[in-house]
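Colleague: Test case, fold it:
(chains A, B and C)
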Amino acid sequence: MTFRRQHLLGLEDLSRNEILHILDTARSFRQVLERPVKKVPSLRGVTVCLAFYEASTRTRLSFELAAKRLSADTMNFSSSGSSVQKGETLLDTIKNIQAMKVDMVVIRHSSSGAAHYLSRNVDAHVINAGDGFHEHPTQGLLDLYTMRDRFGNLDGVRVAIVGDIAHSRVARSNIWGLVKLGAEVTLVGPQTLMPAEIAKTGVKRVTNCLEEALETCQVVNVLRLQLERMTSGYLPSLREYARIFGVDTRRMEKAADKIMVMHPGPMNRGVEIDPAVADGPNSVILDQVTNGVAVRMAVLFLVWGGAPASEMGSEIALHK
Amino acid sequence: MTFRRQHLLGLEDLSRNEILHILDTARSFRQVLERPVKKVPSLRGVTVCLAFYEASTRTRLSFELAAKRLSADTMNFSSSGSSVQKGETLLDTIKNIQAMKVDMVVIRHSSSGAAHYLSRNVDAHVINAGDGFHEHPTQGLLDLYTMRDRFGNLDGVRVAIVGDIAHSRVARSNIWGLVKLGAEVTLVGPQTLMPAEIAKTGVKRVTNCLEEALETCQVVNVLRLQLERMTSGYLPSLREYARIFGVDTRRMEKAADKIMVMHPGPMNRGVEIDPAVADGPNSVILDQVTNGVAVRMAVLFLVWGGAPASEMGSEIALHK
Amino acid sequence: MTFRRQHLLGLEDLSRNEILHILDTARSFRQVLERPVKKVPSLRGVTVCLAFYEASTRTRLSFELAAKRLSADTMNFSSSGSSVQKGETLLDTIKNIQAMKVDMVVIRHSSSGAAHYLSRNVDAHVINAGDGFHEHPTQGLLDLYTMRDRFGNLDGVRVAIVGDIAHSRVARSNIWGLVKLGAEVTLVGPQTLMPAEIAKTGVKRVTNCLEEALETCQVVNVLRLQLERMTSGYLPSLREYARIFGVDTRRMEKAADKIMVMHPGPMNRGVEIDPAVADGPNSVILDQVTNGVAVRMAVLFLVWGGAPASEMGSEIALHK
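Modeller: As a prediction, the model looks like this:
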């Protein structure tokens, strides 16, 4: 199979096979990360611009690392101290970057649809690193990768996603991906924070009872509580939220054995997740981070037009 | 011809032949930018520090790309979050960077003369990326490149520059370069925003009638309106400015056929230039951006002591 | 001798022999800096993350240059615009960076002990680039390097350190290193700014008479006056401080002949040091900066597990 997408905008757009192809490709790159020299020459001479219009550490660093490990050149650009402040439009800024013959643009933006909009208006390859409440596809992919690493096949795997689903691009990308790969998704959270269009997503179950979800699911993906949302009246107090939706040791006692605990980070320890759980034996939170680099290498590689996954092993093996 | 300058400070200092030599060299690098692998090893092992004391996206990225495409190492440093805030003088900061054996310093600074001052006090190669109201020589060179690309020879070519000439380093570098290459320059703008020393520059004509300039010129270079200048009483309201000096479709109808429309960016769409004109068939605005990378590669290469343009083609051709 | 430390946390932890080993290794790298191509492939494929939680220009650039000259990949991350603002703990942030398979973390932090804390909790190599009032070991090492370059052997060399000793990590690292190498250390400054635990450090003499120290010492290391400390009541006015503890030309007349003047930068010219002294014949301030790159190359190289100094010359010589 050849990957024919010029961009990676969201998991809603991808077929089951395309998602599996990215995950298979990521597996090869995951092995590269265990080598003493974690670098392949696949994107030598390619320039990747990291255009982050929202603050980010882990996603930006993860993409930067992924690009450098493919031997690409990287350039950072954030909205502070830049032409953004001078009132230039997003499209003008990115068209300028493209005119400099930059090959790929990784964009994070607070507006839902920013990446789609760019992809329709520029020739460079566009990778969505998070757009508003819409999608965060590489987070979705790395979560899928991490679950697949455990279960092999996600058909029928029971996954709970806990938190502010309505405002979470992480949740949205997870849902699209999980449903396509056959998992059974349960959404857990306050009724006020459930998306309106749940029916369309293929989600199996919606509940506000965390205990019940933990007892029946094999994976619990705990969303970061966006603290700035507290003030807007969507949520009760922090303490109240933690009491009802916090994944803590007491609740974990009644959870399914070996339940896998995930979190996209950065964590609010003691709010949506208890430190003992975050650092406990069920947590795969740091594995997610490692897998994230491999998944992003795969995305950059495939979107650029890399060889099919089956042939890639030997290609990578050639280089050290 | 060999380029013997250690620094690039401004176009006022350069001879006609030196300017032509840079532009010829840039043409070779412009071809490199069309290759699949847009990289040459010319500055391998050379370190370029990008010291930006003023906010910038496009110029900083363009220089960074130019340096990386010559295989130089780059280091970014901006005035925020740095020793600048701790009260260190410009000269101490740059002397420190030089003491680290950095080879070239690309500097943008709000003080006119900053680059000249540095060049007299440090050994590193200094490239002026814009100093106060004084010069922005690589912008001037990329504008010249873009015009020469169309007209071959600039002798007698009629160029209008529109806007706040007095406070524009872009205008100043353009004027020096255009006059040296034989172009006939018309300045268009409010009387209050004309430089005092016009007579000395060799400019052909000064007018506040944009229509007349558009009818008679082959090129119109529209300056960015520095919005912060509005408050200082130099300019009428935005709407008033746009009405009198905005390049819009109505005015373009009466303009010379095939008139070339330029803008250094970032644009205030709807103020000094209308979106339909900026994105229209006469616009070469994005070509300017692409040419900018090639021109900056040429400047870094020549200031570093690169081979003459005539020999360079083969040298570049050697590498992939 | 083989260097067996996984981290560089402070000079207090190191033996005399370990310090000498780093300085000897730095000497080889110092020669690399004089070559036309100042680069060796020693850390090719290694990734160094520069995590600066405090503003810095020179130290960050110096480490970045050192890493690049060893052919490592570098990634910058500062506390602004990052997950730090989102309330993530230091340990979570660094564990995430480590999970991305970053090999080395260079950390600057306002909390004393931050680097030690990390080293006990992560697997990556940790280099302390300054932690609170505690240590700044690479500054200490580069100061030792610079003195050793002059005196060969520091046994019995008389060194005065002038300023706010109590709050200076630079002073602390210098004291540990100097005492271990046999130098005789004099501390000069207001009584209120002397550390409580001087007796334990092996310092020879404490005085508030700068003249006396200058007359008898062979080296004077002038600390930067942290201006923000003025407000806290520790210090008199700037003018008062300059009058009593400023190293100026009048005082230098009575100083020992050829006394070496050092300053870690950034300087407050006219406060703790007079411009005529900073730029005068006794100053080695810019040599310190150059030596800093070599020392940091040595530290990165040795902590990573580089070959012993004796063998390294040939290894470096092999590469260009």
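Colleague: Now do the contacts for the nearest residue to A:Ala99 once chain neighbours are set aside.
Modeller: Leaving aside its chain neighbours, A:Ala99 sits nearest to B:Val289 (3.8 Å; criterion: Cβ to Cβ, 6 or more residues apart in numbering or on different chains). Heads up, the C-betas are built off the backbone N, CA and C, glycines and all. By Cβ atoms under 8 Å, 6 or more residues apart in numbering or on different chains, the residues touching B:Val289 are A:Asn96, A:Ala99, A:Met100, B:Arg58, B:Ser62, B:Gly265.
Colleague: Next: A:Lys86.
Modeller: With contacts defined as Cβ under 8 Å, 6+ apart, A:Lys86 is in contact with B:Ala55, B:Pro266.
Colleague: Figure out the helix or strand that the residue of chain A most remote from its centre lives in.
Modeller: Going by Cα atoms, centre = their mean, the residue of chain A most distant from its centre is A:Lys86, 30.8 Å out. Per DSSP states H and E: A:Lys86 is located in neither a helix nor a strand.
Colleague: What score does the closest residue to chain C within the stretch 1-150 of chain A have for pLDDT?
Modeller: Nearest to chain C in the stretch 1-150 of chain A, going by Cβ to the nearest Cβ, is A:Val37, at a distance of 3.4 Å. What the model reports as pLDDT for A:Val37 is 87.
Colleague: how deep is it tucked in, by neighbour count?
Modeller: Per other Cβ atoms under 10 Å in any protein chain shown, the neighbour tally for A:Val37 reads 12.
Colleague: May I ask you to confirm that it is in contact with C:Pro41?
Modeller: No. The criterion here is Cβ atoms under 8 Å, and A:Val37 misses it with C:Pro41 at 11.1 Å.
Colleague: A:Glu211 versus A:Gln218, what's the distance?
Modeller: 16 Å (Cβ to Cβ, to the nearest Å).
Colleague: Compare neighbour counts for these two and give me the winner.
Modeller: Set side by side, A:Gln218 and A:Glu211 show more neighbours around A:Gln218, with 20 against 13, by other Cβ under 10 Å.
Colleague: How many neighbouring residues does A:Val48 have?
Modeller: Neighbour tally, A:Val48, other Cβ under 10 Å: 25.
Colleague: three-state assignment of it?
Modeller: Of the three states, A:Val48 takes strand under DSSP: H, G, I helix; E, B strand; the rest coil.
Colleague: any idea which element A:Lys101 lies in?
Modeller: With DSSP H and E as the test, A:Lys101 turns up in no helix or strand.
Colleague: any idea how far it lies from B:Leu286?
Modeller: Distance of A:Lys101 to B:Leu286, given as Cβ to Cβ: 11 Å.
Colleague: mind checking how far stretch A:128-148 is from the chain centre?
Modeller: Here stretch A:128-148 is found 2 Å from its chain centre; the criterion is Cα atoms, centre = their mean, to the nearest Å.
Colleague: now swap in stretch A:59-74 and tell me
Modeller: Counting by Cα atoms, centre = their mean, stretch A:59-74 comes out at 16 Å from the chain centroid.
Colleague: Over to stretch A:52-61?
Modeller: Using Cα atoms, centre = their mean, the offset of stretch A:52-61 from its chain centre is 12 Å.
Colleague: Is chain B within reach of that stretch?
Modeller: No. Contact of stretch A:52-61 with chain B (Cβ under 8 Å from any Cβ of the partner chain) is absent, the minimum separation being 11.7 Å.
Colleague: quick one: contacts for the closest residue to A:Val179 other than its chain neighbours?
Modeller: Sequence neighbours aside, A:Gly202 is the residue nearest to A:Val179 in space, at 3.8 Å (criterion: Cβ to Cβ, 6+ apart). Taking Cβ under 8 Å, 6+ apart, we find A:Gly202 in contact with A:Ile175, A:Val179, A:Val185.
Colleague: Among those, name the ones in helices.
Modeller: Those of the contacts of A:Gly202 mapping onto helices are A:Ile175, A:Val179, per DSSP state H.
Colleague: Looking at the contacts of A:Gly202, spot the one nearest chain B.
Modeller: A:Ile175 (35.1 Å).
Colleague: I'd like to know how far that closest one sits from chain C.
Modeller: Applying Cβ to the nearest Cβ, to the nearest Å, the value for A:Ile175 to chain C is 23 Å.
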